[in-house]
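Asker: Predicted structure and sequence below. I'll ask about it afterward.
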Amino acid sequence: MSHAPQYLSGPRLLKGRISRDTAGMTETLLDVKGMSCPLPVLRANRVLRGMPPGAVLRVLATDRAAAADFAAFCAETGHDLLATDEEDGVLGFTIRRREEPTG
């Protein structure tokens with residue numbers, strides 16, 4: 001089933017989803033382009049807290065510091081930084097929400 005994109009940008013959140021054909025998994029897109037450190041990571045953290053374990057978040061940012069910030073954030077929180085990329089000055093980060101601890 002195909003869903004409309006979920007774009008999360010600025011103070012307003014728009015609902016929907018982006019379908020990925022590769023593994024049949026959907027991901028949420030967070031657009032924080034134009035925001036400076038620490039806002040991209042803070043916004044991503046807020047979105048990830050509302051997602052189920054194993055869900056995937058794709059973040060688009062333009063702040064050059066975001067590369068180091070997201071690597072440190074994922075290492076600290078236990079989320080998986082699956083991929084990073086850059087296209088036309090826009091940095092992309094694909095993050096899988098950590099599984100909940102058992103016990």
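Answerer: Cool, the structure landed. Residues are numbered from 1 along each chain as shown.

Asker: Tell me if I'm right that Ala67 and Gly92 touch.
Answerer: No: Ala67 lies out of contact with Gly92 (CB atoms under 8 Å); the separation is 10.4 Å. Where you see a C-beta, it was placed from the backbone N, CA and C, and this is true even at glycine.

Asker: and the residue nearest to Glu99 when sequence neighbours are not counted, what element?
Answerer: Closest residue to Glu99 apart from its sequence neighbours, by CB to CB, 6 or more residues apart in numbering: Pro53 at 4.6 Å. Following DSSP states H and E, one finds Pro53 outside all helices and strands.

Asker: And Ala44, by the same measure?
Answerer: Going by DSSP H and E, Ala44 is in helix 39-49.

Asker: For the nearest residue to Phe73 once chain neighbours are set aside, list the residues it contacts.
Answerer: By the measure of CB to CB, 6+ apart, the closest residue to Phe73 outside its immediate chain neighbours is Val41, 4.9 Å from it. For Val41, the contact set (CB atoms under 8 Å, 6 or more residues apart in numbering) comprises Ala66, Asp69, Phe70, Phe73.

Asker: Show me which of the residues you listed is closest to Asp88.
Answerer: Ala66 (15.3 Å; CB to CB).

Asker: Quick check: the closest one vs Pro52, distance?
Answerer: Relative to Pro52, Ala66 is positioned 24 Å away (CB to CB, to the nearest Å).

Asker: Comparing those two, which shows the higher neighbour count?
Answerer: Ala66 (26 against 8; other CB atoms under 10 Å).

Asker: ok so, going back, give me the pLDDT for the residue nearest to Phe73.
Answerer: For Val41, the pLDDT comes out at 97.

Asker: what ranges do the helices span in the chain?
Answerer: With helices called from DSSP state H, the chain shows them at 39-49, 66-77.

Asker: And these: which comes nearest Arg58?
Answerer: Per CB to CB, nearest to Arg58 of the helices of the chain: helix 39-49, 10.0 Å.

Asker: Can you get me the centre-to-centre distance for that closest one and its chain?
Answerer: Centroid displacement of helix 39-49 relative to its chain, using CA atoms, centre = their mean, to the nearest Å, is 8 Å.
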